[in-house]
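Participant: just to be clear, the model below is a prediction. Sequence and coordinates:
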Amino acid sequence: MVGGMTMVVTAQTVQSPNGKLTAKIQDNQLTISYNGQQALQMTVQGVSGQPVKSTGTVKADYQMLTGKRRHCTNVANEYQLGNVTLRMYNDGIALRISVLSPQPSDIAYCIPEGTRRWMQQWCDSYEGFFPCDTTYKVTPVPSYSGISKSAEGWNNRWGYPALIEPADGVFVLITEANIEKGHSASCLYNDGETYRVVEAERTDVAGETSDHAAAGGNTPSGTTPWRVAIIGTLADVVESTLVTDVSEPCKIADTSWIQPGTVSWIYWAYNHGSNDYNIIKQYVDMAVTLGLPYVLIDAEWDQMMDGKTIEDALNYAKAQGVKPLIWYNSSVGWVDGAPTPKFRLNKPEDREREFAWCEKMGVAGVKIDFFSGDNQKNMDYCQDLLECAARHHLLVNFHGATIPRGWQRTWPNLMSTEGVYGAEWYNNVPTFTDKAARHNATLPFTRNVIGPMDYTPCTFSDSQHPHITTNGHELALTVLYESALQHLADRPESYLAQPQAVQDFFGYLPTTWDETRLVCGYPGEYVVMARRSGTTWYVAGINGSDKPQTLKFSLDFIKGNLGEMTLFGDSGNKKNPWIIVPMFALPSSLDLAPRGGFVLCIETT
């Protein structure tokens, strides 16, 4: 009340540079629309009555060594609402809060009942499915981290990214970006249709810990991470680089030593194979035959049998021209009963000594496993690991870890992160067999949008539990899934039994891309993506269903003169499962078997 009269707060509207996205701001509500259709409603406590001040245009223009696009550009209109900074990009919004303000703001998203959504129940390792639902009333799924449920018994804690379809053909992917030192990561807790941003445990100056709401507590940078919503068509979502656009620039002066590539990997076929020198030799030899630059020596290499040592294995790999990667236990998550080596990276002086030894021995990179969630301790530890590894010219692959939130730009030696329910689950449970195809056709629209994903794809034989996806489907995953280190998980004899053209494919397969396009698809049903490396396009597609599908699409965006084109597909014949044929024109449709797939390689000039 002002002078006995009710004060009416006038709605204010801001927009993206191209005008497709608008945000109506009234009271504490932000209503985001895409081409006039409401896409997302947010509550941001503390903005009510705050004037909207335009602070100009923000431009991103940078090069990536890895990822879905080499040259990344974006532009946003930036606005200030009290202690809230809002950026309106053409492909989404980013919002962060000054936590040094007297009244920090809370953020929540509204996802109405009936809205189609693909969301993963939260767990430390982000290893779960993204099932399609239209309700928040979802039964909790047990995980290594336990379960979180509401008083009514529904799951109420959700991991990023969360994909929703608020209107037909309009999609929103909710996540966050730019975790800095002193930050903890966040997730979503819901009470009915309201999904609140809640940060994980943070350690304050005195060493005490607490759970914080969206912007509680102070950080060295004075702001929260960016809360990000990518908005538009499915192609807008899949092709977006918004997560890295708002992240800190590269902190490594000389990046010439950072070389992505394909890796032969022991664990999937031989759970304890990395303590066996003779098995390691098989995977080194496979890398030589297939033309792979790397071999990963996984857990327990410090317990080598038969009088051999890790030095023997490293020297053998290097003598064959294959660069070795080795595994470490982070020793902050699973420790008791977990594999070794342990406690070699936790203290700064130990980490420095260990990574210096790796560099001296010619180790090209490290896989670090078994973290314990999104808290500040883990976020700071991961950044310490990346910084120390960069000093010693070591690539990094985080496993049993949280999802990417932009570090791949800031620390480009971060090649990949697990944070996905991947093919190693064929080792663990029978559940994956029947659900893998649909899950595989969901990941390009969810988890892999936000950063590299070490799914460990392309297995033709069976592990402890069988797979029922086709060979064409499995091969397609190596293109559909972006990971700067692409780990081939199957047995050497399985890969070496494939036609020579398939073996050759692995040798020239890129693992980082100049351009990425979504050709067609829908989460869980099917997907066709095209990625370009230099003058070569790789078009890959999979069928996520148990029925045959005819996929219709256009490849008219492929310009230049068409050269050699080769199609890898499924024959339907168990004894001879491949179709590998030259193509003389760009196809406009392909018939896919149940859980089938294809790869089309196109040379251009």
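Facilitator: The structure has been received and is ready for your questions.

Participant: contacts and neighbour counts: CA atoms only from here.
Facilitator: Will do.

Participant: I279 against G273, yeah?
Facilitator: Yes: applying Cα atoms under 8 Å as the test, I279 and G273 come out as touching, 6.1 Å apart.

Participant: which of the two has more neighbours?
Facilitator: Remark: of I279 and G273, G273 carries more neighbours, 21 against 17, as counted by other Cα atoms under 10 Å.

Participant: circling back: between I279 and G273, which contacts overlap?
Facilitator: Shared contacts of I279 and G273 (Cα atoms under 8 Å, 6 or more residues apart in numbering): I266.

Participant: let's verify A287: helix, strand, or coil?
Facilitator: Here A287 is recorded as helix under DSSP: H, G, I helix; E, B strand; the rest coil.

Participant: so it touches G261, yeah?
Facilitator: No: contact criterion Cα under 8 Å: A287 and G261 do not qualify, at 11.3 Å.

Participant: what residues are shared contacts of the two?
Facilitator: Residues touching both A287 and G261 by Cα under 8 Å, 6+ apart: 293-294.

Participant: so between the two, which is more surrounded?
Facilitator: Higher neighbour count among A287 and G261: A287, with 27 against 20, using other Cα under 10 Å.

Participant: the closest residue to G373 other than its chain neighbours: how many residues sit nearby?
Facilitator: Counting by Cα to Cα, 6 or more residues apart in numbering, D124 is the residue found nearest to G373 once chain neighbours are left out, at 4.3 Å. Look at D124: counted by other Cα under 10 Å, it has 22 neighbours.

Participant: list the contacts of D124.
Facilitator: Counted by Cα under 8 Å, 6+ apart, D124 has contacts 144-145, 371-374, 400-402.

Participant: equivalent analysis for G521, please.
Facilitator: Contacts of G521 (Cα under 8 Å, 6+ apart): 527-528.

Participant: okay, now the unreliable bits of the stretch 201-350 of the chain?
Facilitator: Applying pLDDT under 70 to the stretch 201-350 of the chain flags residues 202-221.

Participant: quick one: the helices in the stretch 201-350 of the chain?
Facilitator: In the stretch 201-350 of the chain, the segments counted as helices under DSSP state H, counting those that start in this stretch are 234-239, 242-245, 277-290, 310-319, 348-361.

Participant: what's the most buried one of these?
Facilitator: The highest mean neighbour count among the helices of the stretch 201-350 of the chain, using mean count of other Cα atoms under 10 Å, belongs to helix 242-245: a mean of 25.

Participant: how many other residues sit next to D546?
Facilitator: Counted with other Cα under 10 Å, residues neighbouring D546 total 16.

Participant: identify the residues contacting the lengthiest helix in the chain?
Facilitator: What stands out as the longest helix in the chain, according to DSSP state H, is helix 376-391. Residues from elsewhere that reach helix 376-391 (Cα under 8 Å, 6+ apart): 179-185, 200-203, 252, 345, 351-352, 355, 371-372, 395-396, 411, 413-414.

Participant: can I have the buried ones of those residues as a PyMOL selection?
Facilitator: To isolate the buried subset of the contacts of helix 376-391 in PyMOL, counting by 16 or more other Cα atoms under 10 Å, use the following:
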select buried, resi 179+180+181+182+183+184+185+200+201+202+203+345+351+352+355+371+372+395+396+411+413+414
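
Participant: minimum distance to V14: which of the helices of the stretch 201-350 of the chain has it?
Facilitator: Nearest to V14, of all the helices of the stretch 201-350 of the chain, is helix 242-245, at 18.7 Å by Cα to Cα.

Participant: which strands and helices sit next to that closest one?
Facilitator: strand 71-81, strand 170-177, strand 226-232, helix 407-410 (3 or more Cα pairs under 8 Å, 6 or more residues apart in numbering; DSSP states H and E).

Participant: on that earlier part again, closest one to A11 out of the contacts of D124, please.
Facilitator: After measuring those against A11 - Cα to Cα - the closest member comes out as D374, at 36.2 Å.

Participant: any idea how far the spatially closest residue to that closest one that is not a sequence neighbour lies from I97?
Facilitator: Among residues not flanking D374 along the chain, A185 sits closest, at 5.0 Å (Cα to Cα, 6+ apart). In this view, A185 and I97 are 14 Å apart by Cα to Cα, to the nearest Å.

Participant: so which of the helices of the stretch 201-350 of the chain gets nearest D434?
Facilitator: D434 lies closest to helix 234-239 among these, at 25.3 Å (Cα to Cα).

Participant: and the closest one, what does it pack against?
Facilitator: Here helix 234-239 touches strand 170-177, strand 226-232, strand 515-522, going by 3+ Cα pairs under 8 Å, 6+ apart.

Participant: what strands line up against the second one, and which way round?
Facilitator: Yep, that's strand 226-232 we're talking about. Strand 226-232 sits in its sheet next to strand 92-97 (antiparallel), strand 170-177 (antiparallel), going by DSSP bridges.

Participant: give the pairing partners of the helix or strand that the last one is followed by; include direction for each.
Facilitator: Using DSSP states H and E, the helix or strand that follows strand 170-177 towards the C-terminus is strand 186-191. Looking at strand 186-191 with DSSP bridges, its paired strands and their directions are strand 157-167 (antiparallel), strand 194-203 (antiparallel).

Participant: and for the longest one, what's in contact with it?
Facilitator: Just to be clear, that refers to strand 157-167. 37-40, 115-123, 126, 148-149, 171-176, 187-190, 403, 445-447, 450.

Participant: hmm, which of those residues are the buried ones?
Facilitator: Buried subset of the contacts of strand 157-167 (neighbour count, 16+ other Cα under 10 Å): 38-40, 116-123, 126, 148-149, 171-176, 187-190, 403, 445-447, 450.
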